[in-house]
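Novice: fold the following, please.
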Amino acid sequence: MKRILYLVQKEFRQILRQKIYLSLIFVMPFIQIVVMGFAITTDVKNITVAVVDHDYSFMSRRFIDAFTQTGYFDLKSIGRSIKEAENAMQQGDVKLIIQIPFDFEKNVKNGKQPQLQVIVDGVDGNTAGIVLAYTNQITAMLQREWGSEINAEPADLRLVDVETRMVYNPMLDSVYNITPGILAVMLMVVTSFLTGMSIVREKEIGTLEQLMVTPVKKIEMILGKTIPILIVGFLLFNVGMLGIGFIFGLWIKGNLFTLYLMVVFYCFSTLGLGIFASTLAKTQQQAMFIAWFFMIFAILLSGFFIPVENMPDFVQVITLLNPVRFFMVVIREIYLKGTEIRYLWEEGLAMLILGLITFTSASMNFHKRIT
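Specialist: Numbers count the residues shown, from 1 in each chain. Modelled structure (predicted):
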């Protein structure tokens, strides 16, 4: 029994001696609970809407106001051009388009059931389904309101015929949304985790000390570590694409070379993150803990499970430091919409900047000696 107590005491001393363990055990979980508690929600908010109003009547304005007053929708534009609204949806600026026909109010009052067209971005099938439910609920509420105004019979309360059209994912199949996201997560895990672990492993077995006495420069050492892992990441990414294609029948709609370019930018930032984590850790166990902490944040704040637009404003600001958030948008846009690179340059630039920051920080902390 005494031997067990001695071992317990030794382990506690070992833990308390390492400040990084204390922060990992107490501080980081608290941060995760606070941030994730705000970020993770099943509500769908800040749905961007474009309205194409051909009627400009009292009832059409009332219809628009009913959406904006819920707090779930963010009205981006009101116009008469359906093509402009569809272009905005193609660029990812709009998630919902509502087209109100000519003589909308007149036909409602005459009982002719005018046809409203609702176009929903179906890239995220779960969100699209909720958006459609919101739309149907608001339409039903307005029909009851207008029915009482024109003294319609309860059987005649279907004053408006809503035509719904899902684009990019007509069947709202979750596979279309999940599988590209899995590729993004897989690539981050492989590149950042393997990079960090390989450098720390060199420290533990002593081979890194042998490299210190060679003429190899610091940048050469970093590149020698990252280039093989980048190649491995590319191979795994292509295998994953083939698996998604053959198993689920989902093939890329956009330009493959555009996606490859974005993968390079993305790996630039994730490899830098792995090197930076290795500079903070002295053992592989510490490296695993640090990598785990960053990966949990990166995945849950990427929009993989919960749309970033649903998160509070301060959490959305935090996600700007997450390269997975930007690549999640890129891979879904290219895979499902076939979006061109001119609409994705902001995400590409963000990943490139984050890569420069992480690589620079890692290089500054990467001392060419064993500490």
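Novice: all contacts plus neighbour counts: C-alpha atoms, from now on.
Specialist: Fine.
Novice: what's residue 306 sitting at in phi/psi?
Specialist: Residue 306 adopts backbone torsions of phi -120, psi 130, taken as degrees, to the nearest 10.
Novice: using neighbour counts, pick out the buried residues of stretch 349-357.
Specialist: Neighbour-count burial for stretch 349-357 flags 350, 351, 352, 353, 354, 355, 356 (criterion: 16 or more other Cα atoms under 10 Å).
Novice: wait, stretch 88-99
Specialist: With burial defined by 16+ other Cα under 10 Å, the residues of stretch 88-99 counted as buried are 88, 89, 90, 91, 92, 93, 94, 95, 96, 97, 98, 99.
Novice: okay, and which of those residues map to helices?
Specialist: With helices defined by DSSP state H, the entries of the buried residues of stretch 88-99 inside them are 88, 89, 90.
Novice: quick check: the last one touching residue 340?
Specialist: To tie it back to what came earlier, the one meant is residue 90. No. Residue 90 sits out of contact with residue 340 when judged by Cα atoms under 8 Å, with a separation of 9.7 Å.
Novice: for the spatially most central residue of the chain, helix, strand, or coil?
Specialist: Nearest to the mean C-alpha position of the chain, by Cα atoms, centre = their mean, lies residue 303 at 2.7 Å. Put simply, residue 303 is coil when judged by DSSP: H, G, I helix; E, B strand; the rest coil.
Novice: one more: residue 225?
Specialist: helix.
Novice: list phi and psi for the residue nearest to it when sequence neighbours are not counted.
Specialist: Spatial nearest neighbour of residue 225, chain neighbours left out: residue 195 (6.9 Å); criterion: Cα to Cα, 6 or more residues apart in numbering. When read as degrees, to the nearest 10, the backbone of residue 195 gives phi -60, psi -50.
Novice: tell me the contacts of the closest residue to residue 280 other than its chain neighbours?
Specialist: Nearest in space to residue 280, with sequence neighbours left out and distances taken as Cα to Cα, 6+ apart, is residue 287 at 7.7 Å. When contacts are counted by Cα atoms under 8 Å, 6 or more residues apart in numbering, residue 287 touches 196, 197, 200, 277, 278, 280, 281.
Novice: which element, helix or strand, includes residue 287?
Specialist: helix 284-300 (DSSP states H and E).
Novice: any weak-confidence spans in the stretch 101-250 of the chain?
Specialist: Residue ranges of the stretch 101-250 of the chain with pLDDT under 70: 149-159, 171-172, 205-217, 219.
Novice: ranges for the strands of it?
Specialist: Under the criterion DSSP state E, counting those that start in this stretch, strands of the stretch 101-250 of the chain are mapped to 115-121, 161-167.
Novice: what is the last one packed up against?
Specialist: With contacts defined as 3 or more Cα pairs under 8 Å, 6 or more residues apart in numbering; DSSP states H and E, the secondary structure elements packing on strand 161-167 are strand 115-121.
Novice: export the strand it packs on as PDB, just CAs?
Specialist: Provided in PDB are the C-alpha atoms of strand 115-121 (Å, rounded to 0.1, in the frame of the first residue of the first chain):
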ATOM      1  CA  GLN A 115     -47.500  31.700 -56.300                       C
ATOM      2  CA  LEU A 116     -44.600  32.700 -54.100                       C
ATOM      3  CA  GLN A 117     -41.200  31.300 -55.100                       C
ATOM      4  CA  VAL A 118     -38.900  30.300 -52.200                       C
ATOM      5  CA  ILE A 119     -35.300  29.300 -53.200                       C
ATOM      6  CA  VAL A 120     -33.200  27.800 -50.400                       C
ATOM      7  CA  ASP A 121     -29.400  27.200 -50.500                       C
END
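Novice: ok so, going back, show me what contacts the residue nearest to residue 225?
Specialist: Neighbouring residues of residue 195 by Cα under 8 Å, 6+ apart: 225, 226, 229, 271, 274, 275, 278.
Novice: helices of the stretch 151-300 of the chain, start to end?
Specialist: Along the stretch 151-300 of the chain, counting by DSSP state H, counting those that start in this stretch, helices occupy 174-205, 207-212, 218-248, 256-280, 284-300.
Novice: next, format the ones you listed as a markdown table and append distance to residue 103.
Specialist: Formatted as a markdown table, the helices of the stretch 151-300 of the chain follow (distance: least, Cα to Cα, whole Å):
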| stretch | distance to residue 103 |
| --- | --- |
| helix 174-205 | 38 |
| helix 207-212 | 77 |
| helix 218-248 | 45 |
| helix 256-280 | 45 |
| helix 284-300 | 46 |
